[in-house]
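> how does the following fold in three dimensions:
(one chain, ligands or ions: 2)
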Amino acid sequence: MTGRSVLPEKGAPMDVSDRARKVVACRVCGGGDWQDVVSFGPVPLANGFLDPAGSYDDEPYYPLGVISCRSCRLMSVTRIVDPEVLYRTYPYVTSDSETITRHMRYVAETCVRRFAIGEDDLVVEIGSNTGTQLLAFREAGTRTLGVDPARNLAAVANGNGVPTLPEFFSAGVAETIREEHGPARLVLGRHVFAHIDDLAGVVDGVRGLLAPDGVFAIEVPYALELLERVAFDTIYHEHLSYFLVRTLGTLFERHGLRLFDVERLSVHGGSILAFVGHPQGPWQVRPAVAELSSLEERTGLFEDSAYRVFAKNVGHIREELPALIQRLVADGKRIAGYGASAKGNTILNVCGLGPEHLDYCSDTTDLKQDKVLPGTHVPVRTPEYARVHPPDYFLLLAWNYADEIIRKEASFLRAGGRFILPIPKPSIVSDGSA
Ligand code: DWN
Ligand code: ZN
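Ligands and ions are numbered 1, 2, ... in the order given. Below you'll find the model as predicted:
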């Protein structure tokens with residue numbers, strides 16, 4: 001297996017294993033019989049962008065790996081990094097890409113129509129980032145409240161007129177919201193549930209906050225897709241849990257709620273939107289719940305072997321991707337990253353790719369520009385810089401927007417530029433193949 005071949009130019013990585021708690025009991029079922037799935041060794045934080053003026057001294061590296069609970073098949077990261085370290089200042093701003101803008105409109109319209117959410121109803125979003133999703137609900141005239149621990153992002157949301165509490169959602173916060181604003185018709189958590197360690201506390205809090213006919217809607221990456229697409233790059237310290245539908249069902253049942261519907265979505269490389277309510281509430285359990293659960297069974301996801309196959313496929317990418325890139329570099333090709341995504345940082349660090357392979361990484365986010373990537377210290381540049389300094393190949397680190405990006409970059413492709421897609425098997429997209 002290819003190891004980490006690039007050491008930082010300045011300073012040295014610091015193994016801070018002792019600062020990351022080892023997972024012992026399953027956060028869904030309480031079990032402790034874990035199958036080891038993959039282990040990547042010490043890896044820096046995926047959103048730990050660094051200031052190039054700094055020394056990079058003592059950049060923290062935490063052990064990164066995934067295990068699977070043999071009793072409920074929750075996939076869990078092996079170590080928990082303090083959420084205060086991960087989220088209080090956060091560089092990921094909800095994408096304003098066409099894909100996500102369209103998707104957020106879809107989520108708002110679906111929930112408003114399906115659950116008849118009216119003007120006086122309260123919609124609470126956990127992990128609301130800068131408030132873009134809640135703005136889509138405002139169009140339907142609902143009352144909205146965001147909750148997000150990232151103080152920098154909550155301040156932006158509040159500045160944009162989307163009331164947002166700069167807090168980690170908890171049973172205590174849920175109680176305060178209910179006291180001050182009344183019960184919620186909808187509690188939404190898009191790509192935040194996988195980031196929460198105390199699932200019991202949060203689910204109990206949501207149960208207390210929901211109106212009798214209220215709905216908890218969560219969007220999470222789908223573990224079935226993670227395995228099928230070999231999307232190992234979505235494994236990083238922020239993602240504590242990788243869920244199957246059946247595992248979600250177990251979790252909510254244990255906490256007095258009921259998973260009543262689930263929808264598969266293409267966003268973020270394959271996600272599910274799960275709908276949860278009070279068991280005595282008006283929402284009937286739809287066939288999709290049992291259908292997906294049986295698909296998981298047929299796919300073998302309750303057996304150790306599926307996870308062994310996944311680990312083997314990850315090993316192949318960790319060999320093939322650096323080999324492909326090293327060949328291109330040896331041929332004198334210039335390569336840059338496209339999208340300084342969190343998962344991109346897993347790819348680079350776990351595949352041993354760095355500044356001797358990538359000249360820079362282009363990204364549209366102000367908060368990431370002029371920083372360097374964690375671990376590899378590849379500089380982040382603006383898309384304008386990339387247009388003036390086009391590489392021969394872009395390594396598509398934001399592959400979840402591949403269709404949109406390939407469309408947007410038609411002129412780069414027409415001029416002979418190419419994209420390298422890292423997963424499910426490293427491949428090259430050129431004008432001819434796009
Ligand atoms: O769960 C999480 C997901 C939903 O979002 C978080 N833990 C962190 C984050 O993960 P990510 O950083 O992998 O998400 P994205 O949305 O895939 O990141 C894409 C990056 O690429 C952003 O920094 C924006 C950038 N980008 C770009 O430069 N040009 C994106 C597009 C579409 C573009 O055209
Ligand atoms: Zn379990």
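> could you use CA atoms for every contact and neighbour count after this?
Noted.
> what's the single longest helix in the protein?
Assignment by DSSP state H gives helix 304-330 as the longest helix of the chain.
> what about the closest residue to residue 273 other than its chain neighbours, which SS state?
Of all residues not flanking residue 273 in the chain, residue 219 sits nearest, at 4.3 Å (Cα to Cα, 6 or more residues apart in numbering). Under DSSP: H, G, I helix; E, B strand; the rest coil, residue 219 falls in the strand class.
> for residue 219, give me its contacts.
Contacts here follow Cα atoms under 8 Å, 6 or more residues apart in numbering; on that basis residue 219 touches 189, 190, 191, 192, 193, 271, 272, 273, 274.
> on that earlier part again, send me the helix or strand following the longest helix of the chain as PDB with only the CA atoms.
Where DSSP states H and E defines the elements, the next helix or strand beyond helix 304-330 is strand 335-338. Taking Å, rounded to 0.1, in the frame of the first residue of the first chain, the C-alpha atoms of strand 335-338 are listed here in PDB:
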ATOM      1  CA  ILE A 335      -1.800  18.900 -12.300                       C
ATOM      2  CA  ALA A 336      -4.000  21.000  -9.900                       C
ATOM      3  CA  GLY A 337      -6.800  20.100  -7.500                       C
ATOM      4  CA  TYR A 338     -10.400  21.200  -8.300                       C
END
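> avg pLDDT for strand 335-338?
For strand 335-338, the mean pLDDT works out to 98.
> one more: stretch 156-171?
Mean pLDDT, stretch 156-171: 97.
> still on that earlier bit, can you give me the offset of the longest helix of the chain from its chain's centre?
21 Å (Cα atoms, centre = their mean, to the nearest Å).
> from the contact counts, what lies against that helix?
The contact analysis (3 or more Cα pairs under 8 Å, 6 or more residues apart in numbering; DSSP states H and E) places helix 304-330 against strand 34-44, helix 223-229, helix 342-351.
> of the ones you listed, flag the one that's most buried.
Ranked by mean neighbour count under mean count of other Cα atoms under 10 Å, those are led by helix 342-351, which reaches a mean of 25.
> quick check: residues of the stretch 251-400 of the chain near ligand 1?
339, 340, 341, 342, 343, 362, 363, 364, 365, 398, 400 (Cα under 6 Å from any ligand atom).
> what's the local residue count around the residue nearest to the fourth one when sequence neighbours are not counted?
In other words, residue 342. Nearest non-adjacent residue to residue 342, counting by Cα to Cα, 6+ apart: residue 46, 4.7 Å away. Residues lying near residue 46 (other Cα atoms under 10 Å) number 25.
> host element of residue 46?
Applying DSSP H and E, one finds residue 46 in no helix or strand.
> tell me the contacts of residue 311?
By Cα under 8 Å, 6+ apart, the contact set of residue 311 is 37, 38.
> just put the helices and strands packed on helix 304-330 in JSON lines and tack on distance to residue 315.
JSON lines is the format used below for the helices and strands packed on helix 304-330 (distance: least, Cα to Cα, whole Å):
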{"stretch": "strand 34-44", "distance to residue 315": "9"}
{"stretch": "helix 223-229", "distance to residue 315": "13"}
{"stretch": "helix 342-351", "distance to residue 315": "10"}
